[in-house]
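J.: Got a predicted structure plus its sequence, pasted below:
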Amino acid sequence: MGLVFSSILAGILYCCFLVAGIGGAKAIESKTKLAALFILVILLSLGWTMQFLKNVLQVSVSRIMYMNFACGVHIDTRAAIYDTIKYLTGSVSIGSILVPLIGLFRGFARSMSLVGGDTDEFMFSCVSCYVGIASTLVRHGNRWGFVYVGAYNKGIVQSSSDTWEMFNRVGLEQLIDSDLTGSFCFFCGVAGGAISSLVSGIWTILLHRNYAAETSVYAFLIGYFMCRLAMAWPQACVSAYYVAYAENPNPQNNRFDSTIPVRLQQLQRARA
């Protein structure tokens with residue numbers, strides 16, 4: 001947990017630095033037309049940096065938990081974070097861009113598929129194409145791949161391909177598709193952002209009413225990313241559990257409980 005608190009503290013300090021930059025951009029807004037561009041760049045930097053910090057935690061923690069689940073080996077947290085920063089920064093950086101974009105496109109494709117159904121309207125005529133592209137992309141960039149990035153020092157694309165092929169081989173793809181861990185973490189982030197936005201909005205209305213809307217937006221983004229940092233630990237543990245189980249789905253393996261087999265049976269009954 002100390003690793004999570006350290007990451008959150010680093011994120012807060014970085015956010016304070018960026019907020020000061022936004023304040024400087026607002027101060028010169030009347031003198032230059034580039035102030036809005038500066039603020040946009042700062043917000044993009046905030047999003048990517050927070051995503052990078054989250055994935056550093058994801059890789060480090062998933063490595064620790066994967067080695068524990070798969071081999072019964074305990075890895076020191078400091079050693080894991082040190083190895084991630086020293087050897088895996090490139091893979092984490094690429095994954096911080098690749099995985100969210102693929103996840104966003106896949107979510108859009110699945111939403112279109114649910115809305116369109118079997119309709120023949122032109123608007124939904126390319127739904128099957130979108131779903132096929134999303135299915136191909138997710139094989140080469142998914143959050144499960146971060147487990148192998150940390151455990152075997154692989155690139156994010158190769159790690160994602162290996163884990164997804166393994167899920168297909170052992171019949172876990174449907175279970176992975178129905179996993180709600182990512183959605184739960186996302187809504188926790190939204191809830192944290194909403195609370196931050198509400199508190200900062202009330203405070204700004206009382207002191208500086210003209211800046212209430214902008215302050216609420218910035219507070220929402222900061223609160224969202226801070227909550228996502230806090231949720232990186234449980235999300236990494238779940239990812240490591242799934243990957244370790246997929247490598248050795250033996251019912252006699254005493255390192256795993258009956259959660260996954262029972263859920264698989266429920267899905268098979270529902271599909272039948």
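T.: Structure received.

J.: From now on I want contacts and neighbour counts done on CA atoms only, so please keep to that.
T.: Noted.

J.: So residue 51 sits against residue 94, correct?
T.: No - using Cα atoms under 8 Å, residue 51 makes no contact with residue 94, being 10.8 Å away.

J.: Just give me the neighbour total for residue 240.
T.: As a burial measure, residue 240 scores 30 neighbours (other Cα atoms under 10 Å).

J.: So for residue 51 and residue 94, which residue has more residues nearby?
T.: Higher neighbour count among residue 51 and residue 94: residue 51, with 21 against 15, using other Cα under 10 Å.

J.: After the helix or strand containing that one, which helix or strand is next? Please name it.
T.: Assigned by DSSP states H and E, residue 51 belongs to helix 35-71. Scanning forward in sequence from helix 35-71 by DSSP H and E, the next helix or strand is helix 77-87.

J.: packing partners for that following helix?
T.: Helices and strands touching helix 77-87, by 3 or more Cα pairs under 8 Å, 6 or more residues apart in numbering; DSSP states H and E, are helix 35-71.

J.: Check which helices and strands the helix it packs on is in contact with.
T.: Using 3+ Cα pairs under 8 Å, 6+ apart: helix 35-71 touches helix 2-27, helix 77-87, helix 89-116, helix 145-152, helix 212-230, helix 232-247.

J.: That helix relative to helix 89-116, how many degrees between them?
T.: 100 degrees (axes from the mean of the first three to the mean of the last three Cα atoms, to 10 degrees).

J.: Mind listing what's buried along helix 35-71?
T.: Using 16 or more other Cα atoms under 10 Å as the test for burial, helix 35-71 gives 35, 38-39, 42-43, 46, 49-70.

J.: What of stretch 219-228?
T.: Within stretch 219-228, the residues scored as buried using 16+ other Cα under 10 Å are 219-228.

J.: nearest to residue 254, of those residues?
T.: Nearest to residue 254 among the buried residues of stretch 219-228: residue 228, at 31.6 Å, using Cα to Cα.

J.: can you tell me which residues contact the residue nearest to the closest one when sequence neighbours are not counted?
T.: Nearest non-adjacent residue to residue 228, counting by Cα to Cα, 6 or more residues apart in numbering: residue 189, 5.4 Å away. Neighbour list for residue 189: 223-228 [criterion: Cα atoms under 8 Å, 6 or more residues apart in numbering].

J.: Could you report the distance from residue 189 to residue 236?
T.: Per Cα to Cα, to the nearest Å, residue 189 is found 16 Å from residue 236.

J.: now the contacts of residue 189 as a markdown table including distance to residue 183 and pLDDT?
T.: Shown next, in a markdown table, are the contacts of residue 189 (distance: Cα to Cα, whole Å; pLDDT from 0 to 100):
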| residue | distance to residue 183 | pLDDT |
| --- | --- | --- |
| 223 | 17 | 92 |
| 224 | 13 | 93 |
| 225 | 15 | 92 |
| 226 | 16 | 91 |
| 227 | 13 | 92 |
| 228 | 11 | 91 |
